[in-house]
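Participant: let me see the structure of the following:
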Amino acid sequence: MRRQLHLLLLLLLLLAALLLYALAVGEWNPIKDVRDPHVKEIGEFAVAEFNKDPRHGADLQFQSVIKGETQVVSGTNYRLILAARDPAGVENYEALVWEKPWEHFKQLKSFNPVKDV
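Facilitator: Predicted coordinates for the structure are as follows:
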């Protein structure tokens with residue numbers, strides 16, 4: 001009887017852990033240190049990819065990451081508010097980058113100007 005109780009308790013703990021993990025996946029979480037070198041690398045990647053698209057005719061220069069969030073998916077989504085310089089001055093943009101580091105994969109999903117930060 002005591003062994004069955006221990007197994008039941010172990011099963012309940014395992015289910016609780018799985019539930020907490022499932023709740024965390026897909027949730028956006030603020031980036032605590034936007035000066036982290038990897039976060040900066042993601043921001044620089046976003047600007048470089050945006051510049052590659054000839055439809056924009058832009059030559060933005062990455063300045064800094066202002067704030068951001070991450071989301072665990074099959075990899076990590078980074079939603080960054082970043083500052084970039086163009087000939088008219090510094091503007092803010094929202095970039096969404098999907099990264100799968102184990103595959104050395106990054107993809108710019110969106111890049112749009114923002115007015116209010």
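Participant: show me the strands in this structure, by range?
Facilitator: For the chain, the strands defined by DSSP state E occupy 28-30, 61-73, 75-86, 89-100, 105-114.
Participant: is the residue nearest the centre of the chain bridged to anything, and to what?
Facilitator: By C-alpha atoms, centre = their mean, the chain has its centre lying nearest to Y78, at 1.4 Å. Counting by DSSP bridges, Y78 is bridged to T70, V97.
Participant: make JSON lines out of the strands of the chain and add mean pLDDT and distance to G43.
Facilitator: From N, CA and C alone the C-beta is placed, and that goes for glycine too. Listed next are the strands of the chain as JSON lines, based on pLDDT from 0 to 100; distance: least, C-beta to C-beta, whole Å:
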{"stretch": "strand 28-30", "mean pLDDT": "98", "distance to G43": "15"}
{"stretch": "strand 61-73", "mean pLDDT": "98", "distance to G43": "5"}
{"stretch": "strand 75-86", "mean pLDDT": "98", "distance to G43": "5"}
{"stretch": "strand 89-100", "mean pLDDT": "98", "distance to G43": "7"}
{"stretch": "strand 105-114", "mean pLDDT": "98", "distance to G43": "11"}
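Participant: tell me the most buried of those strands?
Facilitator: A comparison of those by mean neighbour count, using mean count of other C-beta atoms under 10 Å, puts strand 75-86 on top with a mean of 19.
Participant: for K106, see how far away F45 is.
Facilitator: Distance from F45 to K106, counting by C-beta to C-beta, to the nearest Å: 6 Å.
Participant: can I assume Q63 is in contact with N92?
Facilitator: No - judged on C-beta atoms under 8 Å, Q63 makes no contact with N92 at a distance of 9.5 Å.
Participant: overlap of the contact sets of these two?
Facilitator: Here Q63 and N92 have L82, A83, A84 as joint contacts, going by C-beta atoms under 8 Å, 6 or more residues apart in numbering.
Participant: the closest residue to the last one other than its chain neighbours: neighbour count?
Facilitator: Taking C-beta to C-beta, 6 or more residues apart in numbering as the measure, A84 lies nearest to L60, with 4.0 Å between them; neighbours along the chain are not counted. Applying other C-beta atoms under 10 Å, we find 21 residues neighbouring L60.
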